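> Model the following, please.
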Amino acid sequence: MVAEEERHGRAFFFAAVCLGTGAVIWFSLPVDPPVQAVGAGFAVFLVAAWRCRFSEGLARYGTAAAALLLAGMLLAQWETWRRSTIVLDSPVTTMISGVIERREASGAGHWRYIVRLTTTAEPTLKRPPDRVSLLARSRHEPIAIGAGIGGRVRISPPSGPALPGLNDFTFSAYYDGIGAVGYFYGAPQPAHVAEGGEGGLLQRLERALYAARSAIGDRIRSIVPGDAGAFAAAIVTDERRAISGETTEALRLSGLAHIIAISGLNMALAAGIFFVGVRAALSVFTGFAQAYPVKKIAAFGALVTAFAYYLISGFAVSAERAFLMMAIMLIAVFFDRPSISLRNVALSAIVIIAISPSEVMGASFQMSFAATLALVAGYALWKERPASEQTLAIPGLRAAVWVFRFFGGIFFTSLIGGLATAIFSIEHFHKLATYGLAANLAAMPVISFIVMPAGLIGMLLMPFGLDAVPLRIMGAGLELVIAIARMVAGWGGELAFGRLHPAFFPVSVAGFLVMTLLQTRLRHLGGILIVAGILFAVLGDRQGTANLLVAEDGRLAAVRLDGQWSVNRERPPDFIFAQWQRALALGEPRRPQQLETTAKPAEKHEKRKRLTTEEVKQANAAMGKALAESEEGRFACAAKLWCVLRLGARRIALIEDPAYAGAACDAATLVIVPARLRFDACRSGALLITSTTLRRTGALEINLPENPAENPILAPAFKNAERPWMRHRSYDWRSGEFDTALPTPVAALIAQ
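Prediction:
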């Protein structure tokens, strides 16, 4: 059977798998592997693969696979060197000026700008990022792309993982070239850009492209108001921030969120409608159709359409993959070759991995290719079915059969796509939309027959100012899609999984690849692997048995006791806590008990004071009383000063005002302070975790054994800050040096 798979050319499909796996390995390592060793290994295996090219079995494929794995690692290293993004080391308020490279409407009159910084002041940053993403909430006239912009801003490093193993926003920001995120104080102002600040030719061309994209989005939203217009702009330009949170959530819950992304569906509909339309129009002229290859002319026009669509899409990976797939399919028409094949999927994957190997780590790349791979493999099986020789002569029945096949196609396309992406949805988002199939059956005819045709006509007529009518038709269709999404979302039924056994994802993905890429009975091994992955998920230990969670900024903590969760905030920040809830399948938390206190927290800009000896005694007594009298497993908080919690014999204190850190060290056995302190350890022996510690560990999961004599077990989001997208965590702007060392007590607990 292996020889038969080889005759079918299936070995080529695994080239993309090996390249991607190599990239995943490189990005997942705790430190950068020596590039000389990886390069030498690649050269050795490349020569071995060349010498074994006429051999059989393991020698041939093993050496080729090893060479491709190492090539994937080298590509990941090369992209990292190429990016070399400077990430801001710590939050700061400063004055900035720079050049707008991109802008996007963000709803309620807000605008988000991507700015390439030219200067910073008050204070001047020693290690400024090159590009920042800034939200302007104040009403203002949007500043044009390519113009200068300035103002007072609050910027911070992009967030790391909310828990170990969750999405690292710093990673994606690093490879997108974004070194900080933040917002303007007040409305931003136009600013003068020094000569040369506009950047090079490529940067100016890129800004011109984004300016055209922004103008198209503005034009669509001006004709079609509300969420329908924002939805239409998202389908055309991939600008999604203007869609309201309510509609976005409804689309997600109903399983229709994929429509927003410029994916294979959108690209196929746009290019396909153009291809069919042009071919049908040219076929009307019989003489022309007989003299010239109408099909190839239509394919060329569809290729130009797909390329234009890609240019205004913002270069998202789903659009990149969709364009490459569509381009390969249409180019195949020029050479009279099969257009839909697994080889095309593999080629597009290889190109994307070669250009941007970091994309393999993202949910968009994985889900996009999984859906395409499953659909193409399913199409190949469908073509192998025995063809029916019978035809229906009754016109009415023919129409009924056509309708049945159309909806049957939508049903099986949605079913196959949903099943193929389920593994990745569970891994990345820990949830599944249970009524996605019904929502797609209802919405896709609207998208196929109203939204995309009207949108394509509108885009073709936009340069002539005749786009209003088709765009309004597109908007009406999207209003119907939104109504379907809200109706289906109202049914509920979303399944929460939480984080599953670590083996679930790699084993299931391996099974999926074997099942879709092989043709002989060997593909059934993929089903066995998927079943094994499900067994790991059902019977294996789930990730995250810790009973204390600490966010990377140290200001949010959650404790689990007897299946109930408690937090130290009345309103926990949704960005972090929503990720905790999805990952650990948490219910609604218990809010903290508020204590009466005469002490007042320091004002926002007031210098932090040191407590007197008497104040330390009073704070220690207040904490001790709160620990003794409060409900076990529930935080008790005093204003914005401190919170304490009792968990068996353990006493936990989370300090908001650093002046109370010393008193907390005497009252608690575990102290968390979201600030930099003059000391790294408590004299009392209590475990101390400060912002300095959390910068180098990220968010923490802490397992507190019932026996207080046993040490806590700390699981950090990452065990060191050596990778390029983490290096900013060990930078100290005061000294201008990097220091990755952890306080000894914390380092010992992480290493155990």
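> okay, stretch 83-101 in CSV with CA atoms only?
Output in CSV follows, covering the C-alpha atoms of stretch 83-101 (Å, rounded to 0.1, in the frame of the first residue of the first chain):
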residue,chain,number,x,y,z
ARG,A,83,11.2,40.8,11.5
SER,A,84,13.4,41.8,14.5
THR,A,85,10.5,43.7,16.0
ILE,A,86,11.3,45.9,19.0
VAL,A,87,8.6,45.2,21.6
LEU,A,88,8.0,47.8,24.3
ASP,A,89,9.3,46.6,27.7
SER,A,90,6.7,48.1,30.1
PRO,A,91,3.6,50.4,30.1
VAL,A,92,4.4,54.1,29.7
THR,A,93,2.6,57.4,29.1
THR,A,94,4.4,59.5,26.5
MET,A,95,4.1,62.0,23.7
ILE,A,96,4.5,60.4,20.2
SER,A,97,4.6,61.5,16.6
GLY,A,98,4.7,59.3,13.6
VAL,A,99,3.3,58.3,10.2
ILE,A,100,-0.1,56.6,9.8
GLU,A,101,0.5,53.3,7.9
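> Pull out the buried residues from it.
85-89, 92, 94, 96-101 (16 or more other CB atoms under 10 Å). (C-beta placed from N, C-alpha, C; glycine too.)
> which strand is the longest one in this structure?
strand 92-105 (DSSP state E).
> now for that strand, which elements pack on it?
Other helices and strands packing on strand 92-105, by 3 or more CB pairs under 8 Å, 6 or more residues apart in numbering; DSSP states H and E, are strand 111-121, strand 131-136, strand 148-156, helix 201-223.
> Let me have those in CSV, extended by distance to residue 350 and mean pLDDT.
Putting the helices and strands packed on strand 92-105 into CSV (distance: least, CB to CB, whole Å; pLDDT from 0 to 100) gives the following:
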stretch, distance to residue 350, mean pLDDT
strand 111-121, 29, 94
strand 131-136, 29, 96
strand 148-156, 37, 95
helix 201-223, 24, 87
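> picking that back up, could you dump the buried residues of stretch 83-101 to CSV with pLDDT and distance to residue 466?
Below are these laid out as CSV (pLDDT from 0 to 100; distance: CB to CB, whole Å):
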residue, pLDDT, distance to residue 466
85, 95, 43
86, 95, 46
87, 95, 46
88, 95, 47
89, 91, 52
92, 94, 49
94, 96, 47
96, 95, 42
97, 94, 40
98, 94, 38
99, 93, 34
100, 93, 30
101, 91, 31
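> Pull the most distant pair out of those.
89 and 100 (24.4 Å; CB to CB).
> care to break the chain down by domain?
Using automatic domain parsing, the domain parsing of the chain gives 2-83, 92-199, 217-496, 504-539, 548-751.
> For residue 210, which of the ones you listed is the nearest?
Nearest of the domains of the chain to residue 210, taken as CB to CB: domain 92-199 at 4.7 Å.
> Now do the contacts for residue 636.
Residue 636 makes contact with 592-593, 595, 626-627, 630, 643-645, according to CB atoms under 8 Å, 6 or more residues apart in numbering.
> thinking again about what came up before, just tell me which of the helices and strands packed on strand 92-105 ends up closest to residue 188.
Ranking the helices and strands packed on strand 92-105 by distance to residue 188, with CB to CB as the measure, places strand 148-156 first at 4.3 Å.
> can you map out the helices along the stretch 201-350 of the chain?
201-223, 226-237, 245-253, 264-283, 286-291, 294-311, 317-334, 342-355 (DSSP state H, counting those that start in this stretch).
> Contacts for the third one next, please.
This points to helix 245-253. Residues contacting helix 245-253 (CB under 8 Å, 6+ apart): 227, 230-231, 240, 257, 259-260, 433, 482, 485-486, 488-489, 494.
> and the domains of the chain as JSON lines, adding distance to residue 210?
Below are the domains of the chain laid out as JSON lines (distance: least, CB to CB, whole Å):
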{"stretch": "domain 2-83", "distance to residue 210": "19"}
{"stretch": "domain 92-199", "distance to residue 210": "5"}
{"stretch": "domain 217-496", "distance to residue 210": "8"}
{"stretch": "domain 504-539", "distance to residue 210": "35"}
{"stretch": "domain 548-751", "distance to residue 210": "24"}
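> Which stretch among these approaches residue 209 most closely?
With CB to CB as the measure, domain 217-496 is the member of the domains of the chain nearest residue 209 (6.1 Å).
> okay, how far is it across that closest one, tip to tip?
Its first and final residues considered, domain 217-496 spans 35 Å by CA to CA, to the nearest Å.
> how far out from the middle of the chain is that domain?
Centroid separation between domain 217-496 and its chain, computed with CA atoms, centre = their mean, to the nearest Å, is 21 Å.
> now stretch 635-645
Distance, centroid of stretch 635-645 to centroid of chain: 34 Å (CA atoms, centre = their mean).
> ok, now stretch 113-130?
Here the centre of mass of C-alpha atoms in stretch 113-130, compared against the chain's by CA atoms, centre = their mean, lies 26 Å away.
> CA atoms only for that stretch, dumped as PDB, please.
C-alpha atoms of stretch 113-130 as PDB (Å, rounded to 0.1, in the frame of the first residue of the first chain):
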ATOM      1  CA  TYR A 113      -4.300  53.600  13.800                       C
ATOM      2  CA  ILE A 114      -1.100  51.700  13.000                       C
ATOM      3  CA  VAL A 115       1.600  54.300  13.400                       C
ATOM      4  CA  ARG A 116       5.300  54.100  12.600                       C
ATOM      5  CA  LEU A 117       6.900  56.100  15.300                       C
ATOM      6  CA  THR A 118       9.400  58.900  14.500                       C
ATOM      7  CA  THR A 119       9.800  60.500  17.900                       C
ATOM      8  CA  THR A 120       8.800  60.100  21.600                       C
ATOM      9  CA  ALA A 121       9.000  62.700  24.300                       C
ATOM     10  CA  GLU A 122       8.100  63.300  28.000                       C
ATOM     11  CA  PRO A 123       9.600  60.800  28.500                       C
ATOM     12  CA  THR A 124      11.800  59.900  25.500                       C
ATOM     13  CA  LEU A 125      11.900  56.100  25.300                       C
ATOM     14  CA  LYS A 126      15.300  54.500  25.300                       C
ATOM     15  CA  ARG A 127      14.000  51.500  23.400                       C
ATOM     16  CA  PRO A 128      11.000  52.700  21.400                       C
ATOM     17  CA  PRO A 129       9.000  50.300  19.200                       C
ATOM     18  CA  ASP A 130       9.000  50.900  15.400                       C
END
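> residue ranges for the strands of the stretch 501-650 of the chain, please.
Counting by DSSP state E, counting those that start in this stretch, one finds strands in the stretch 501-650 of the chain at the ranges 548-550, 557-561, 564-567, 593-595, 636-638, 642-647, 650-655.
> Sounds good, over and out.
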